[in-house]
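**Q** Fold the following for me, if possible:
(chains A, B, C and D)
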2 protein chains.
Amino acid sequence: MGRPRAFDEDEAVEAAARLFAAHGFEGTSVDDLVSALGVHRGSLYKVFGSKRGLYLAALRRHLDRDVLPLTRAVAGAADLPAALAQAAAAYDSGPAAGLLLLSAAERAPLDPDTAALVEEGLAALEAAFAGVLGDGAAPPLAEALAATVLGVRLRGRAAEGRPGAAAVLALADRLTR
Amino acid sequence: MGRPRAFDEDEAVEAAARLFAAHGFEGTSVDDLVSALGVHRGSLYKVFGSKRGLYLAALRRHLDRDVLPLTRAVAGAADLPAALAQAAAAYDSGPAAGLLLLSAAERAPLDPDTAALVEEGLAALEAAFAGVLGDGAAPPLAEALAATVLGVRLRGRAAEGRPGAAAVLALADRLTR
DNA sequence: CCGGTTGTTGAACGATCGTTCTTGACTGAC
DNA sequence: GTCAGTCAAGAACGATCGTTCAACAACCGG
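**A** Presented below is the predicted three-dimensional model:
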């Protein structure tokens, strides 16, 4: 019963994720969200409760649609170079891990709920590398490889258009020797 | 001539850098800055022109006092493991590269002046690793190593208190084999 | 001691912030 | 056809945003 919803919730969250990834949590106003999403303010607050609630929903979606699939691709790789190549391939196409990066740097230190989601994404990426490395490798090495993938992506964010795949592949090449 | 300044400009910039590193550019208000710096609004605008001007001064100082010394320590290392150990040592003490990280993620994509400063810091770190690697190594490898250092630091920001040195040292160990 | 210059002070500006409220439109069940 | 329940729409809230201005205070060379 009741009046049916006039907007697609998933589309709205996706658009919100794009805005948050581009301008950060503090840098994105509710007015910006209302304009870009085409959803009325009242409806946003009805569904998500607050700007922060929408942000957490956007980050959740980013993890499910962008980050976790990447970790599955890494985990499914035959060996370490292939795993790094998988991570590199996700770079120069798509949102990669933009919102995850910005969330880790901007919001995670201040918001426990954001920190938990960020932790989930980062832990999944590290676990994927740990699986590829095998049981014999030290866990911190998987940590370092995940950090490399994120760091290269961060570099690409700062210097627009910079390709990051080459760096990751160079490390892969070096590790095979 | 004229009335002498009642505050230490360098101290003020340092305090501003701490605030910006903790809450980001958008997350730090001018009121926050006025309270923490103990400098009146009018004086801030007289000296720095705008909130953005103060932010750029803070980032400039962060590069000179925190980031570039780190790159010199890396560049002065005898071999690659020693260089990574130098970078790791800078982690669990001091501001490391907190403001640089947040600037790269939050402001650099939107502000060319910020992007130039971030680029300077990242390029210096990469150059330091390239120097340690020697002329024979591929430049992208130095890029990957710098990215690892930054990525580990980002991880430590998201999960408070997480030690990052172990991961970097594990990579150093792996690269020597 | 007196202009000229620079820094400090407190108040105030219009704009925008996140959030809430009221009124009306649309639905399925009775 | 009516009623309870959900959503849309627009206006408006107090608070805070970054920025500016006019008046006062402290220093300099003459």
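
**Q** Kindly list the longest helix within chain A.
**A** Taking DSSP state H as the criterion, chain A has its longest helix at helix A:112-133.

**Q** Which SSE is immediately downstream of that helix?
**A** helix A:139-158 (DSSP states H and E).

**Q** how close does A:Ala146 get to chain B?
**A** 7 Å (Cβ to the nearest Cβ, to the nearest Å). For glycine as for every other residue, the C-beta is placed from the backbone atoms N, C-alpha and C.

**Q** Check A:Pro4 too.
**A** 36 Å.

**Q** correct me, but A:Arg157 touches B:Ala105?
**A** Yes. The criterion here is Cβ atoms under 8 Å, and A:Arg157 meets it with B:Ala105 at 6.1 Å.

**Q** And A:Ser29, what's its pLDDT?
**A** As summarised for this prediction, A:Ser29 has a pLDDT of 97.

**Q** And for it, the neighbour number?
**A** 13 (other Cβ atoms under 10 Å in any protein chain shown).

**Q** who in chain A is up against DNA strand D?
**A** A:1-7, A:39-43, A:46 (Cβ under 7 Å from any atom of the strand).

**Q** Give me the buried subset of those residues.
**A** Neighbour-count burial (16 or more other Cβ atoms under 10 Å in any protein chain shown) is assigned, among the residues of chain A next to DNA strand D, to A:Val39, A:Ser43.

**Q** for A:Glu26, phi and psi?
**A** The phi and psi values for A:Glu26, taken as degrees, to the nearest 10, are phi -70, psi -30.

**Q** Just give the closest residue to it, not the sequence neighbours.
**A** With sequence-adjacent residues excluded and distances taken as Cβ to Cβ, 6 or more residues apart in numbering or on different chains, A:Glu26 is closest to B:Glu26, at 3.5 Å.

**Q** between A:Arg157 and B:Ala105, what contacts are shared?
**A** A:Leu101 (Cβ atoms under 8 Å, 6 or more residues apart in numbering or on different chains).

**Q** one step back: among the residues of chain A next to DNA strand D, which ones are in helices?
**A** Per DSSP H, the subset of those in helices is A:Arg41, A:Gly42, A:Ser43, A:Lys46.

**Q** need the contact list for the third one.
**A** Yep, that's A:Ser43 we're talking about. A:Arg5, A:Phe7.

**Q** Farthest-apart pair in the residues of chain A next to DNA strand D, please.
**A** A:Met1 and A:Arg41 (24.3 Å; Cβ to Cβ).

**Q** ok, and does the longest helix of chain A reach over to DNA strand C?
**A** No. Judged by Cβ under 7 Å from any atom of the strand, helix A:112-133 makes no contact with DNA strand C; its nearest approach is 13.7 Å.

**Q** which parts of that helix are buried?
**A** Those buried within helix A:112-133 under the rule 16+ other Cβ under 10 Å are A:114-115, A:117-133.

**Q** elements contacting it?
**A** Secondary-structure packing of helix A:112-133 (3 or more Cβ pairs under 8 Å, 6 or more residues apart in numbering or on different chains; DSSP states H and E): helix A:51-62, helix A:68-75, helix A:80-89, helix A:98-102, helix A:139-158, helix B:139-158.

**Q** Next, the angle helix A:139-158 makes with the third one.
**A** For helix A:80-89 and helix A:139-158, the angle between their directions (axes from the mean of the first three to the mean of the last three Cα atoms, to 10 degrees) works out to 30 degrees.

**Q** quick one, helix A:80-89 and helix A:68-75 angle?
**A** Going by the same axes, to 10 degrees, helix A:80-89 makes 160 degrees with helix A:68-75.

**Q** try the fifth one
**A** With the same axes, to 10 degrees as the criterion, the two stretches helix A:139-158 and helix A:68-75 enclose an angle of 130 degrees.

**Q** Show me how far helix A:139-158 is from its chain's centre.
**A** 13 Å (Cα atoms, centre = their mean, to the nearest Å).

**Q** That one packs against which elements?
**A** Helix A:139-158 packs on helix A:80-89, helix A:98-102, helix A:112-133, helix A:165-176, helix B:112-133, helix B:139-158, helix B:165-176, going by 3+ Cβ pairs under 8 Å, 6+ apart.

**Q** could you give the angle of that helix to helix B:165-176?
**A** 100 degrees.

**Q** now do the third one
**A** What separates the directions of helix A:80-89 and helix B:165-176 is an angle of 120 degrees, with the same axes, to 10 degrees.

**Q** so what secondary structure elements neighbour helix A:80-89?
**A** So helix A:80-89, by 3+ Cβ pairs under 8 Å, 6+ apart, packs with helix A:68-75, helix A:112-133, helix A:139-158, helix A:165-176.

**Q** Make TSV out of the ones you listed and add mean pLDDT.
**A** What follows is these, written out as TSV (pLDDT from 0 to 100):
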stretch	mean pLDDT
helix A:68-75	94
helix A:112-133	96
helix A:139-158	92
helix A:165-176	88
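
**Q** which stretch among those helices comes nearest A:Val13?
**A** helix A:112-133 (13.6 Å).
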